[in-house]
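In: Here's my sequence, what's the structure:
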Amino acid sequence: MSSSTSRPAVKKKSSKPAAAAVVDPAKELLWARPGFLVRRLHQIHVAMFFEECKSSNTTPVQYAILSALAVMPGLDQTALGQEVGLDRTTTADVVRRLEERGLLERRENEADRRTRHVFLTREGKSAVNAMHADMVRAQERMLSPLTDAQQKTFMKLVSQLVEANNQYSRAALRS
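Out: Below is the predicted model:
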């Protein structure tokens, strides 16, 4: 062979061993559990909600109650809890805190003194409207890793799971 004949390039061996695929047994175990992933996604959503809605000092549960009352004013506390999936005690506590902040008011039911109807105040209506864009941004951020088609599929599947398993919740949604 003459010196002008080129040889195929020989790849020089690295002195470092090839990196083995890192196996995380806890991740493999936990990420195979839908309940774990749903809980983790909820944690992520709450964090994003607080980042986007930080100026309002309102939790996602409080915003759900305010939103429900914006479209269904005058629900009694039991029905309100059923709309947002909260038990009676939690609903009463959240309603009380929102009432203390001046965002809603409870009125006695003339027909049944055991129940109270809940209404947004003017300040409550303003709060729901002011937070809407921030809440939408939190939702969009959470779903942004998915394509539009995947987002629709995800929402359809999550809704299907919630509806099919609603009766197992401590506070079932109104069907």
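In: just checking, what packs against whatever helix or strand residue 156 lives in?
Out: Applying DSSP states H and E as the criterion places residue 156 in helix 148-165. The helices and strands touching helix 148-165, judged by 3 or more CB pairs under 8 Å, 6 or more residues apart in numbering; DSSP states H and E, number zero. Every residue, glycine included, has its C-beta placed from N, CA and C.
In: Give me the contacts around that helix.
Out: Contacts of helix 148-165 with the rest of the structure, by CB atoms under 8 Å, 6 or more residues apart in numbering, involve 143, 146, 173.
In: Of those, just the buried ones, ChimeraX syntax please.
Out: ChimeraX command restricting the contacts of helix 148-165 to the buried ones, with burial defined by 16 or more other CB atoms under 10 Å:
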select :143
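In: Go through the contacts of helix 148-165 and flag which are in strands.
Out: Using DSSP state E, no member of these falls within strands.
In: Just the strands from this protein, written as ranges.
Out: Using DSSP E, strands in the chain cover 75-76, 104-108, 116-120.
In: For the nearest residue to residue 44 once chain neighbours are set aside, give me its contacts.
Out: Leaving aside its sequence neighbours, residue 44 sits nearest to residue 142 (CB to CB, 6 or more residues apart in numbering; 6.6 Å). Listed by CB under 8 Å, 6+ apart, the contact set of residue 142 reads 41, 44, 45, 48.
In: With respect to residue 91, which of those residues is nearest?
Out: For these, the residue nearest residue 91 by CB to CB is residue 45; the value is 20.7 Å.
In: what's the neighbour count on the closest one?
Out: 16 (other CB atoms under 10 Å).
In: Same check on residue 68?
Out: The burial count assigned to residue 68 is 20, neighbours taken as other CB under 10 Å.
In: Same question for residue 97.
Out: 14.
In: isn't residue 174 right up against residue 81?
Out: No. With contact defined as CB atoms under 8 Å, residue 174 does not reach residue 81; the gap is 9.2 Å.
In: before we move on, back to that, just put the contacts of helix 148-165 in TSV and tack on pLDDT.
Out: Shown next, in TSV, are the contacts of helix 148-165 (pLDDT from 0 to 100):
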residue	pLDDT
143	98
146	98
173	82
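In: for this protein, what spans make up the helices?
Out: 25-30, 34-52, 60-71, 77-84, 88-100, 122-143, 148-165 (DSSP state H).
In: Residue 134 touches residue 48, doesn't it?
Out: No. The pair residue 134 / residue 48 is not scored as a contact, 10.2 Å apart, by CB under 8 Å.
In: Which residues are in contact with each of the two?
Out: In contact with both residue 134 and residue 48: no residue, using CB under 8 Å, 6+ apart.
In: Could you check how far the residue nearest to residue 44 is from residue 43?
Out: Distance, residue 142 to residue 43, by CB to CB, to the nearest Å: 11 Å.
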